[in-house]
Each structure stands twice: as structure tokens, then as C-alpha cells.
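K.L.:
Just the structure for this:
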Amino acid sequence: MLNLDLRSLTVMAGMMGAVMGIVLLGMRRNYPVAIQGLLPWGLAPLLCAASTLFYGLEGVLPAVLVALGGNALLLSGCGLFYFGSQRFYGQRTTWRFWAGLGLICLLLLAWFLLVQSDYRIRVLIFTSAMAAMVLAHVRLLLRQGRGFAPRFTALVLALQALVLLGRALSTLWLDAADSSRFAPSSIQTAYIAAYSFSVLLVSIGVLLMASERLREEFEHIATHDGLTGALTRRAVLAAGKQELERWQRYDRPLSLLLLDIDHFKRINDEHGHLVGDRVLVDFVAVVQQTLRHADSLGRYGGEEFIVLLPETDAAAALVAAQRMRAAVAQAGACTASIGLSSLRAGDEHLDTLLARADAALYRAKAQGRNRVEPG
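P.N.:
So this is what the prediction gives:
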């Protein structure tokens, strides 16, 4: 490790970062628009790679160009990783604040390079600014992220911040005012190697985050109705079977509602299918507002919907159903008839519960609609 040429190490790390940037940008074309942040994530390692070109040309280009250009690109790359995560989680990007901080950092670097040259102070300023941005990124991931990928990325970033802070402190007693970036030093070699490797791992981390989100998107598409956002028939029936098994094990109450939009065919015939679709979407939105977190709403077919009410007996289900019916009627676009059934001793299949709810729904429609009938 100590015998590695620092220029070669820097350029090699830059090449690895460039490859990851190209991969991220290439994958962006195949991801749904709903997954944000891939563009800044893809540009971030490319900018970090570009910074290594400046660093590698130290002694060829003017020192001020190498220092300010390379550091500006590295700060920008670090910032883009952070801004990409902000967009990924739907947060407002804070690029103005960090751009201002970066500009102040570069001005100070220029001062301590051209006016009062001191390598140690330049290292202290730059690594501290980088560490502040990295720690802000860690905070975002720990607050917003769920699952392995964001935790992995946060861990890598936290280690990256420790490396940066360690380098900031070590410069005070290990470097001299006239030291250079590529002066032989075990600390500098370890710093460049660790930081460069962490950029690669962060790139892998955000790629994993995007992949996890893509899997979630596919799962959502597979289990949710494309128009209304309610669960699909298969998904809500699967949830019902799980609740039935839980009732059989623990004897906890379970109720089921079948909801049907009254005269929906007339709405379609008189106003068109676009209006009918809007009624379906608004109907689901109104019903969702009356449900608890544990309840499930699914589209059973056409204008008919199922609501699962775990931990709810017949009396409580009747109150919930009346609340839904009143909320739909108050919204004004339509009314709904509701059939209710609750699990009874001896029930072994979800179809039994559905059959009673369907019979109750038929009675509600036969008796004038816009009403709830228990089954």
C-alpha cells in the first residue's frame, strides 16, 4: 500500500468512478420517471473522475488551476450524490446553500494558495467542507431510507466522513506548510485510497437504492389497480385469506364489505367513460379517507369494491359502513350500496364471507340503494 504511486492510484480511482457514472446514466433510460435522482447520481462519479484528471496533471498545469479546478469538481460530485438522494426521496434540493458554501471554500483555498500559502490550512478547509456535506447526506438517508441499500450507503458515507475528518486533523501535525498533494506519505496514500474506494461504494449504494425502488414500483403495479390505486382483486383476496387464517389461529374478529356504486352504467352512458373513470377515482379517494391503517380496499370488478376490516365485529363494521356510505353521498358524485358480513363460527373459506356480503349487497340495491345491509 505504501509503495503505490499516488498519481496512478488517483487516476485508477477516477476511471472506476467514470465507469459507475456511465452505468448509472445508462440505466436511467430504463427506469420509470417516478424514480428521481438518477441523473445527478450518474453525473456525480463522472465529476469525481474529472477531478482526478486535474490532480493527476499537477506539475503540468498551473497549481491554482489544479487546486481550484480539481477541488471544485470533487465538491460538485459530492454535492450531486447528495442532491440526487434529495430528489430520490422527494425532498427539496438545497443546492444554493451548498453552492454558496463551496464558493466560500474555493475562495479560502485560493487565498491560502496565492496569498498566504499553507497546504495544511487548505487540507483542513477542504476536507471539513466535504465532511459537512457527506454527513448531511448520511442524515438524509437515515431519516428517509428504508431497507438495506440506504443503510449500506449511509454506512459508506459515514466511513467516508471519518476519513475526511481524520485527514483534516492529521494535517496539523503530519504536513508542512509547503507540502504537496502527492508527497510520499502513508497517511496521504491511505486517505486517497480510502476516499476513492468509498466513491465507488457510494455509486454502488445509490444503484442498489434505485434497484430497490424499481422492485417496489413493480410490486405496486402488480398489486394495485392502475386507475384507482386500490388493491387488485387478486391482492385483496390474498389479504382476505391471510386475515381468515389469522382469525382461525387467534379467534380475532373480521368483517368484510362489498361496495357498489349506484347507477354507474347510467353515469357512463350519460357522461362518457372519462367521467366514469373520474367517479371511480374520486370514490376510492373518499372511501380511503374513512379507513384505518389496518383496513384494505380492493377493486373487486368494474364499479364493485371490497373492504377488509380486521379486528372488527359486526356492530363496529356496521358503523364503519354507514360512515363510508355517508362520506360517498356527501361527496356528491355518486352514492353507494354496501353489503356487510362478519366471520362466524364454522366459516372455513373466504368465499363464504363473500357470498353473504354479496347477498346483503343485492338486498341493499333491491331496497332502494344508497344503504347498508348486514348479511
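
K.L.:
Domains in this protein, by residue range?
P.N.:
6-222, 233-374 (automatic domain parsing).

K.L.:
ranges for the strands of the chain?
P.N.:
In the chain, the strands defined using DSSP state E lie at 254-261, 296-301, 304-310, 336-342, 372-374.

K.L.:
how about those strands in TSV, adding mean pLDDT, mean neighbour count and distance to Gly17?
P.N.:
Every C-beta, even on glycine, is put in place using the N, C-alpha and C of the backbone. Below are the strands of the chain laid out as TSV (pLDDT from 0 to 100; neighbours: other C-beta atoms under 10 Å; distance: least, C-beta to C-beta, whole Å):
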stretch	mean pLDDT	mean neighbour count	distance to Gly17
strand 254-261	96	25	54
strand 296-301	95	20	45
strand 304-310	96	23	49
strand 336-342	96	26	57
strand 372-374	94	22	62
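
K.L.:
Quick one: closest of these to Phe112.
P.N.:
Among those, strand 296-301 comes nearest to Phe112, with 62.2 Å by C-beta to C-beta.

K.L.:
Just the CA trace of the closest one, in CSV.
P.N.:
Only the C-alpha atoms of strand 296-301 are listed here, as CSV (Å, rounded to 0.1, in the frame of the first residue of the first chain):
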residue,chain,number,x,y,z
SER,A,296,-57.7,-2.9,3.0
LEU,A,297,-59.6,-1.6,0.0
GLY,A,298,-59.6,-3.5,-3.3
ARG,A,299,-61.4,-3.3,-6.6
TYR,A,300,-63.4,-6.5,-7.0
GLY,A,301,-64.5,-5.8,-10.5
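
K.L.:
low-scoring stretches of the chain, by residue?
P.N.:
Regions of the chain meeting the criterion pLDDT under 70 cover residues 1-11, 13, 180-189.

K.L.:
Point to the residue nearest the middle of it.
P.N.:
Geometric centre of the chain, nearest residue: Tyr89, 4.5 Å, by C-alpha atoms, centre = their mean.

K.L.:
From what I see, that residue and Arg139 are in contact.
P.N.:
No - using C-beta atoms under 8 Å, Tyr89 is not in contact with Arg139; the gap is 11.9 Å.

K.L.:
For the stretch 251-375 of the chain, which segments count as helices?
P.N.:
All helices of the stretch 251-375 of the chain, identified by DSSP state H, counting those that start in this stretch, fall at 264-271, 273-290, 314-331, 350-366.

K.L.:
Can you lay out the ones you listed as TSV showing distance to Phe152 and mean neighbour count?
P.N.:
Putting those into TSV (distance: least, C-beta to C-beta, whole Å; neighbours: other C-beta atoms under 10 Å) gives the following:
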stretch	distance to Phe152	mean neighbour count
helix 264-271	48	14
helix 273-290	34	16
helix 314-331	42	17
helix 350-366	40	18
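
K.L.:
Out of these, which gets nearest to Gly42?
P.N.:
Nearest of these to Gly42, taken as C-beta to C-beta: helix 273-290 at 34.8 Å.

K.L.:
what's the distance between Ala327 and Ala336?
P.N.:
To Ala336, Ala327 is 9 Å away according to C-beta to C-beta, to the nearest Å.

K.L.:
no, scratch that, I was asking about Ser342
P.N.:
Ser342 sits 19 Å away from Ala336, taking C-beta to C-beta as the criterion.

K.L.:
and of the helices of the stretch 251-375 of the chain, who's closest to Thr228?
P.N.:
helix 273-290 (4.2 Å).

K.L.:
what's the closest one packed up against?
P.N.:
If you count contacts as 3 or more C-beta pairs under 8 Å, 6 or more residues apart in numbering; DSSP states H and E, helix 273-290 packs onto strand 254-261, helix 264-271, strand 296-301, strand 304-310, helix 314-331.

K.L.:
now the first one and strand 296-301, what's the angle there?
P.N.:
Direction vectors for strand 254-261 and strand 296-301, defined by axes from the mean of the first three to the mean of the last three C-alpha atoms, to 10 degrees, enclose an angle of 50 degrees.

K.L.:
any idea of the angle strand 254-261 forms with helix 350-366?
P.N.:
40 degrees.

K.L.:
so how far is strand 254-261 from its chain's centroid?
P.N.:
With C-alpha atoms, centre = their mean, to the nearest Å as the basis, strand 254-261 stands 33 Å off its chain's centre.

K.L.:
swap in the second one?
P.N.:
The gap between where helix 264-271 is centred and where its chain is centred comes out at 39 Å by C-alpha atoms, centre = their mean.

K.L.:
List the contacts of it.
P.N.:
261, 275-276, 279, 302-303, 334 (C-beta atoms under 8 Å, 6 or more residues apart in numbering).

K.L.:
which outside residues touch stretch 206-220?
P.N.:
Applying C-beta under 8 Å, 6+ apart, the contact partners of stretch 206-220 are 20, 23-24, 27, 31-32, 34-35, 37-38, 41, 81, 84-85, 88, 145, 147-150, 152-153.

K.L.:
try 7 Å this time
P.N.:
Contact with stretch 206-220 is made by 24, 31-32, 34-35, 38, 41, 81, 84, 88, 147, 149-150, 152-153, as judged by C-beta atoms under 7 Å, 6 or more residues apart in numbering.

K.L.:
Alpha carbons only: can I get it in CSV?
P.N.:
In CSV, the C-alpha atoms belonging to stretch 206-220 read as follows (Å, rounded to 0.1, in the frame of the first residue of the first chain):
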residue,chain,number,x,y,z
VAL,A,206,-27.2,4.5,-4.9
LEU,A,207,-27.5,2.0,-7.7
LEU,A,208,-28.9,-0.5,-5.2
MET,A,209,-31.3,2.1,-3.9
ALA,A,210,-32.6,2.7,-7.4
SER,A,211,-33.0,-1.0,-7.9
GLU,A,212,-34.9,-1.5,-4.7
ARG,A,213,-37.2,1.3,-5.6
LEU,A,214,-37.8,-0.2,-9.1
ARG,A,215,-38.7,-3.5,-7.4
GLU,A,216,-41.2,-1.7,-5.2
GLU,A,217,-42.7,0.0,-8.2
PHE,A,218,-43.2,-3.4,-10.0
GLU,A,219,-44.7,-4.8,-6.8
HIS,A,220,-47.1,-1.9,-6.6
